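Asker: Here's my sequence, what's the structure:
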Amino acid sequence: MKEIAFLFIFIPLSLCSQVVLSQKNQEDSLIVLLQNKSDSSRIPVLISLCWKFRNASPAESIRYGTEAIDLANQYKDYNSLAKAYSFVGVAYRIMGKYSKAVDFYYMGLEIADQHEIPEQAGYAHLNLANLYIYQELPGLAFENLKKADTIARKIKNKPMLAYVYQYNGRIYSLDGKLDSALNSYQKSLTLRQELNQLPEQATCYKYIGDIYFQKGSFITAMQNYNLSLEKTDKQKDKDLYANLLIKKALIFTKENKLKEAAIMARDGMKIASQIGANMAIKDALQVLATISLKTQDYKSTSDFQQRIIQFNDTLFSKQLSEKIFLLEYQLERQQRNAKIDLLNKDNAIKELKIKRIGIISIGLTTIIVLLVAVFFVLLKLLKQRRNHEKLLELQNQEIVKQRNSIEQQNWKLIDANEKLEKSQEELKKLVQTKDKLFSIIAHDLRNPFTALIGLTEVLHEKVDTIDSAEMNQYVSMINESSHKLLRLIENLLEWARSQTGTLKLFNTNLNLKTLADDVIKIYITQAQTKGISLKNEIPDNITVFADHEILAIIIRNLISNGVKYTQKGGNVSLTAYLENGNTVLKISDSGIGMSHEVLEKLFKIEETFPTAGTSNEAGTGLGLVICKEFTETLGGTISVESSVGKGTSFCVTLATSKS
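Answerer: Purely as a prediction, here's the structure:
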């Protein structure tokens, strides 16, 4: 097995060493060439260096690209300017600075559109599509990809079309359409082979290997990863090289080749750390944690899991912030375009008014001329009076038609203004929702972390003097704070999935009593601690057609609320019944209840407010919002009945099981 691992890793490295040396010499030659250039002749060399350093040293790439932008602006070289903006944006994207990347992409796109440079416009749309794929925003990605596809076919640009196929494959992969993704990657690879583009072929083989990995065809996946490694420039494309090593380590882990897997995972993590590729580092840690667990090295497993949790927290916060920025950026652009459209419409209205005045003036002048002509003609030829009257009538009808046309255009403009006002209201609501979410994250995530830090500091200070009873008390408090924090993060994650459209349903026929029993087990200890009776009175034969995980989240939040707001000695009960061909799940408690004013604001994210439980349990107000959104996602409805001091009942109506 060691010999096989040696063949997989070191033989491709030796085969590529001469290519790497040649490319290194090319970079050195470019740097020497740059030193001998001045003024505008530096621009193409700077752009080449910017592109070559993008993966190996993104910061160096940005430095060269920024200088190219300044010179291209100075000499009005718009083709080079658009290209430099795109290349710097790519470097920022590789560094994970998506907000900076999108700024540079749009600046490049504006230059390309303004000066009619279709090739650079196409690549700008490709870069935007790639960025939105990284942020898991397939709708925005597909919109830009369509524009790039149109440009590529119009100017017959095969490298651009190859990128279109590649990014289409990634969108299909995000949507779980693996066969469609594989077909797109194969088309991209065929073009890359025709164009003899080795680095791009390496990327295609890697993505094809990922599809086979997802399908469970590990042998075929390994073959494609090896093909990718053979064509990868391991010095310049460290991101791809690290990911390939980690992917191979995953396959070796599944085949129980744990020693080879550990070597590859550590090599991949080392390379990823050099360029700050946090996602690859997290994947490598996950492989090492799995290997430690299989070898029963539980201490190492725990250490790796702690590092994975730290990376997950950092990546989640960063991805959420970047995704919100991109959405706000897109909304700002739409609003700006809407204002431009409104100004254009105002100008159109003014032009129509001028035309209308001109038409009326011409009409009045024509009428006067005709009247004078008719007057003189009547004196001479009374027989022609009828013909002249008919001609006048036709002209009057034409004037009326033109006036009606202008009125219709005015109505269309009024309708457009109303739609713009509606769009502004929706934007205001979206901003309120975002502010509320930040408020929850800033306040409610901070409190459990503060509690955990305080408790661990006490344990650290008293580690030599604390007795077992007090230790158990502190451990219990830490465990409780950790569970509260986990529930809050789970709610935030599920709400974020529902808002970003990444939530996928897998509806099946479910036994409602069995599902409720599983959820009750989570809260039975908490209920017993408060002296609350927790009963499942759902009949055995009641079933629903729904997604198991989504329905479990709804029931979990409603039971948690019932236990939280019920006094000692109270009860929380679950029952279900059929009504109008649907199944109604009813969760009732004998708790403190709610006023009419509270009920009015219960399911609104922008107006939620936390209420302490009967044992001062903390809350965010987000749980019931998630219940409402998830119930509607399942095609059902949720309602509530409550009064102060008399308890609360939530009714969730869902579809019954399908035969």
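
Asker: Give me the contacts around stretch 152-168.
Answerer: By CB atoms under 8 Å, 6 or more residues apart in numbering, the residues outside stretch 152-168 that reach it are 118-119, 122-123, 126, 129-130, 133, 141, 145, 148-149, 151, 181, 184-185, 187-188, 191-192, 194-195, 197, 200, 203-204, 207. Just so you know, the C-beta spots here come from the backbone N, C-alpha and C atoms, and that holds for glycine as well.

Asker: What's the ChimeraX line that selects buried ones from those residues?
Answerer: In ChimeraX, this line selects whichever of the contacts of stretch 152-168 come out buried by 16 or more other CB atoms under 10 Å:
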select :118,119,122,123,126,129,130,133,141,145,148,149,151,181,184,185,187,188,191,192,197,200,203,204,207
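
Asker: which ones among the contacts of stretch 152-168 are found in helices?
Answerer: Judged by DSSP state H, the contacts of stretch 152-168 include 118-119, 122-123, 126, 129-130, 133, 141, 145, 148-149, 151, 181, 184-185, 187-188, 191-192, 194-195, 200, 203-204, 207 as members of helices.

Asker: so where do the helices sit in the stretch 451-600 of the chain?
Answerer: With DSSP state H, counting those that start in this stretch, the ranges of helices along the stretch 451-600 of the chain come out as 468-500, 512-530, 548-564, 596-600.

Asker: among the ones you listed, which is the most enclosed?
Answerer: Neighbour counts (mean count of other CB atoms under 10 Å) averaged over each of these peak at helix 548-564, with a mean of 22.

Asker: Packing partners of it?
Answerer: Counting contacts by 3 or more CB pairs under 8 Å, 6 or more residues apart in numbering; DSSP states H and E, helix 548-564 packs against helix 468-500, strand 507-511, helix 512-530, strand 571-579, strand 582-589, helix 622-633, strand 648-655.

Asker: The last one pairs with which strands, parallel or anti?
Answerer: To tie it back to what came earlier, the one meant is strand 648-655. Partners of strand 648-655 in the sheet, by DSSP bridges, are strand 582-589 (antiparallel), strand 637-642 (antiparallel).

Asker: any chance of those strands in JSON lines, plus mean pLDDT?
Answerer: Putting these into JSON lines (pLDDT from 0 to 100) gives the following:
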{"stretch": "strand 582-589", "mean pLDDT": "94"}
{"stretch": "strand 637-642", "mean pLDDT": "93"}
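
Asker: Same list (these) but as a markdown table, adding mean neighbour count.
Answerer: Shown next, in a markdown table, are the strands paired with strand 648-655 (neighbours: other CB atoms under 10 Å):
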| stretch | mean neighbour count |
| --- | --- |
| strand 582-589 | 21 |
| strand 637-642 | 17 |
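
Asker: now for those, which one comes closest to residue 510?
Answerer: strand 582-589 (10.0 Å; CB to CB).

Asker: Okay, angle between that closest one and helix 622-633 too, please.
Answerer: On the basis of axes from the mean of the first three to the mean of the last three CA atoms, to 10 degrees, strand 582-589 is oriented at 170 degrees to helix 622-633.

Asker: what residues does strand 582-589 touch?
Answerer: So strand 582-589 is contacted by 512, 538, 542-544, 555, 558-559, 561-563, 565-566, 570-578, 636, 647-656 (CB under 8 Å, 6+ apart).

Asker: hmm, 6 Å instead?
Answerer: Outside strand 582-589, the residues within contact range by CB atoms under 6 Å, 6 or more residues apart in numbering are 544, 558, 562, 566, 572-577, 647-654, 656.

Asker: sorry, back to before: tell me which of the strands paired with strand 648-655 sits nearest to residue 399.
Answerer: Nearest to residue 399 among the strands paired with strand 648-655 is strand 637-642 (56.6 Å), distances taken as CB to CB.
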